[in-house]
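> any chance you can model this:
(chains A and B)
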Amino acid sequence: MIEVRGLTKRYADRTVLNGISATFAKGEVVALLGPSGGGKSTLLRCLNGLESFDTGSVRVGDCVLEPGRGRAQSAQLWSVRRRVGFVFQQWHLFAHRNTLGNVIEAPVHVKGQSVKEATERAKALLAKVGMSHREGAYPSEMSGGEQQRVAIARALAMEPEVLLMDEPTSALDPERVGDLVALLDRLRSEGLTIVTVTHEMRFAQALASRVLVLHGGHIIEEGAPGEVLTNPRHERTRAFLGLGHAAAS
Amino acid sequence: MTDEPPPWPRRCSSLSSACLALVALIGLTACGQKEGSGLERVQRAGVLRWGADAQGGEPYAMEDPDRPGQYRGFEVELADALARELGVRAEFVQNDWSSLIPTLERGGSFDVAMNGMEITPARAGRVLFTRPYYLFNLRLMARREDTSTTGLEALRGRRVGTLSNSQAWELLLRSGAQAIPYEGVQEPYIDLEQGRLEAVLMDDIIAQRYGMPRPGLRVVGDVGEGYYAIAVRPGEDELRRALDDALGRIARSGELREIFRRWGIDNAAQQRMVEWTEAQTREVLSQTSTAHMGWSQTLLFLQAALVTLLVSVGAMVLAIPLGMMLALGRLYGPRWLGGLTTAYVELLRGTPVLLQLYVLYYGLAGVLRLDPVSAAILGLGLNYAAYEAEVYRAGILAVPKGQMEAALALGMPTPLALRRVVIPQAFRVALPGVTNDFIALLKDSSLVSVISVVELTKRMTITAVDVRSWLLPGALCAALYLAMSYPLSRLARTLEAKLERA
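This is a model prediction of the structure:
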């Protein structure tokens, strides 16, 4: 579904991604783990072109993102973004639109659906994420968990093949994390590919079919969550997971 | 010396004197008290201080280009001769022309005013006038190729330029022409050449210096006459009589016409100045203004308010999209466009809008011939666009970055994201600033009177002089401005409250 090859991104004095290569198969749920500053959020943002990069490529289906911002590149960019949904850590719901308005905005103005059609689909999606009762609410009137569900519905309204999520559990009460896992599990069973950045090991364990651990711009470890999280091979991973024996080096 | 109170309400001919009248109204002062005889004061000081505006230029009184600080002109020579007759010396006091009469009325920094001051019924009610010293004709000029303008009667309903509240102004109003008011003596002739006016009616001295040298113009004829006289402070009758006598002596001795000859303004008609009698003075000064604030004046106010509204709304309609483009160009455009828009904003914001209007209307007249209202709308619109650009830029910057990212992540191209997501939210932030600007614009639109548009404030000053009172015209003017701006503030507040929810 997504193929990343030799991805490098540098800021003036710092290399954030250092030759990352990875593939994400259809229907897979992958969790990106690692310490802060390890490059996982940057990698996520590169997957739908929100962040540019210096070398390498990102292929989504038959679209390829490469460094540089030419006219051909931006055509690729739009088609990638239409296939890849993104749920931000702070959701970034459109503050001037209510729930329904947020969900139908892109289908109407990007896909050209009629308002009637988009509204019908939006209502179905809101029912799916359990937000039917908040159709008329504005973002400022909703809790973090509610806003997140609307943000998921908004992303799904574009019928993406991949859903990217940045720290989806960071603003949730612990008891709400289970609801989120259940929702994402259902979406996965419908064929959606999900890539999520997280700090929450239990969340990764419950949801992911595979985890990638990023550190210093490299993928230092990957595998099934059961293996990586309970028996990491790399000492950095051990340190990150709080399993000790790593502080020395 | 009678100790009469100052005439009230006063008539003034400039906005500043309106403010002074207001101050007086509040009760700060009952100024203008007499301090003995004016003649005694002049003789004691040994100097006759006379007020004039050197900007009026040749041949009246102007600064000597060869000797800065010295003045020349036929009125300078006349003042010297008069002072000699009174046994004192003359001293020139520079004063803005439009406030010569109000200043004199308050007992300002000069004893008399002498600067092409026509005896009009309106002025005669405020200050004393001596006997006239010069007889002028009102000279009508038109474009050379325009043969249809044969006289005043041919100009009914057509645009004729002149100085506001002058004798020519009153004659034009009586004749049914559309009188267009100017502050300067050059501008009406420029506009006539440009085809923005059908004719110009001015004193022959002005026409001779500023109109007749223009090859594209011709003299239609002289359509009336009037007198220049010296204005004296109200109540100082003794000084006035002394000046009358002195003028008589100078005229009879031939010195007066000798001065006129030196300045090229003598003609056969000036013999009447030599043979002038006191009875004639009484007759000339007997007419008083009868205009008052009635329905016809009120109608003119409403009309002027519509002009103010038209100019303001027109300018805003231009400023809003242009300001938006400038703001977007600066924030999202390539580097060169950002530099260009910044330069535009700094230039238009950093120079007086009055100057911009002048350049647009007179400076560019050769390449861009605009009628006054279009020039007013364009000038104010271009100027306000600079302010709008900054208000919108602030509004856009106030929208969190995440909003744009969320829109991009949903596959929106940047322009669509701006239009659907960022700008609507920026609008909410910018709305109070935009409202504020529009109300400021309503009032700033009074500046367009410099390019001969009669809007509300200009109408007020013209009427105030006509009806010899600032009180009613001022109140009506203020009421009309409020009637235009207040509903707008209310509308904006309602809109803000509506947007508040989101």
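> contacting residues for residue 38?
The chain I'm using is chain A. Contact partners of A:Gly38, counting by CB atoms under 8 Å, 6 or more residues apart in numbering or on different chains, are A:214-217. C-beta: built from backbone N, CA, C; applies to glycine.
> um, chain B though
Taking CB under 8 Å, 6+ apart as the criterion, B:Gly38 is in contact with B:111, B:232-233, B:235-236, B:238-239.
> if we use 10 Å, what do you get?
By CB atoms under 10 Å, 6 or more residues apart in numbering or on different chains, the residues touching B:Gly38 are B:1, B:107, B:111-112, B:128, B:232-233, B:235-240, B:242-243.
> of these, closest to chain A?
The nearest member of the contacts of B:Gly38 to chain A, counting by CB to the nearest CB, is B:Gly107 at 62.9 Å.
> the closest one and B:Gly51 touch, don't they?
No: applying CB atoms under 10 Å, one finds B:Gly107 not in contact with B:Gly51, separated by 11.7 Å.
> of the two, which one has the most company?
B:Gly51 (25 against 19; other CB atoms under 10 Å in any protein chain shown).
> what about that one, which helix or strand?
In the assignment (DSSP states H and E), B:Gly51 maps to strand B:47-52.
> which helices and strands does that strand pack with?
Under the contact criterion of 3 or more CB pairs under 10 Å, 6 or more residues apart in numbering or on different chains; DSSP states H and E, strand B:47-52 touches helix B:38-45, helix B:74-86, strand B:89-94, helix B:100-105, strand B:112-113, strand B:217-232, helix B:237-252.
> looking at chain A, which helix is longest?
helix A:174-189 (DSSP state H).
> after that helix comes which helix or strand?
Next along from helix A:174-189, by DSSP H and E: strand A:193-197.
> does that following strand reach chain B?
No: judged by CB under 10 Å from any CB of the partner chain, strand A:193-197 stays clear of chain B, getting no closer than 13.6 Å.
> what's the average pLDDT for that strand?
For strand A:193-197, the per-residue pLDDT values average out at 96.
> now do that strand against helix A:174-189, angle only.
150 degrees (axes from the mean of the first three to the mean of the last three CA atoms, to 10 degrees).
> pairing partners for strand A:193-197, with directions?
Using DSSP bridges, the strands paired with strand A:193-197 are strand A:29-33 (parallel), strand A:162-166 (parallel).
> re the thing from before, can I get the CA coordinates of the longest helix of chain A in PDB?
Listed next in PDB are the C-alpha coordinates belonging to helix A:174-189 (Å, rounded to 0.1, in the frame of the first residue of the first chain):
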ATOM      1  CA  PRO A 174      -7.700   6.100  29.900                       C
ATOM      2  CA  GLU A 175     -11.200   4.500  29.900                       C
ATOM      3  CA  ARG A 176     -11.800   6.100  26.500                       C
ATOM      4  CA  VAL A 177      -8.700   4.400  25.000                       C
ATOM      5  CA  GLY A 178     -10.600   1.100  24.800                       C
ATOM      6  CA  ASP A 179     -13.400   2.700  22.800                       C
ATOM      7  CA  LEU A 180     -10.900   4.100  20.300                       C
ATOM      8  CA  VAL A 181      -9.200   0.700  20.000                       C
ATOM      9  CA  ALA A 182     -12.600  -0.900  19.300                       C
ATOM     10  CA  LEU A 183     -13.400   1.700  16.600                       C
ATOM     11  CA  LEU A 184     -10.100   1.400  14.900                       C
ATOM     12  CA  ASP A 185     -10.300  -2.400  15.000                       C
ATOM     13  CA  ARG A 186     -13.600  -2.200  13.200                       C
ATOM     14  CA  LEU A 187     -12.100   0.100  10.600                       C
ATOM     15  CA  ARG A 188      -9.200  -2.200  10.100                       C
ATOM     16  CA  SER A 189     -11.600  -5.100   9.600                       C
END
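> next, the buried residues of that helix.
A:176-177, A:180-181, A:183-184, A:187-188 (16 or more other CB atoms under 10 Å in any protein chain shown).
> burial of the closest residue to A:Val103 other than its chain neighbours, as a residue count?
In space, A:Val103 comes closest to A:Ala122 once its chain neighbours are excluded; the distance is 3.9 Å by CB to CB, 6 or more residues apart in numbering or on different chains. When neighbours are defined as other CB under 10 Å, A:Ala122 has 26 of them.
> and A:Ala122, that's in a strand?
No: per DSSP: H, G, I helix; E, B strand; the rest coil, A:Ala122 lies outside any strand segment and is helix.
> wait, doesn't it sit right on A:Arg154?
Yes: with contact defined as CB under 10 Å, A:Ala122 counts as touching A:Arg154 (8.7 Å).
> joint contacts of those two?
In contact with both A:Ala122 and A:Arg154: A:99, A:101-105, A:107, using CB under 10 Å, 6+ apart.
> residue contacts, residue 117?
Since no chain was named, I'll use chain A. By CB under 10 Å, 6+ apart, the residues touching A:Glu117 are A:104, A:107-108, A:111.
> not quite, I wanted chain B
B:51-52, B:60, B:75, B:97, B:100-101, B:104, B:123, B:127, B:129, B:227-231.
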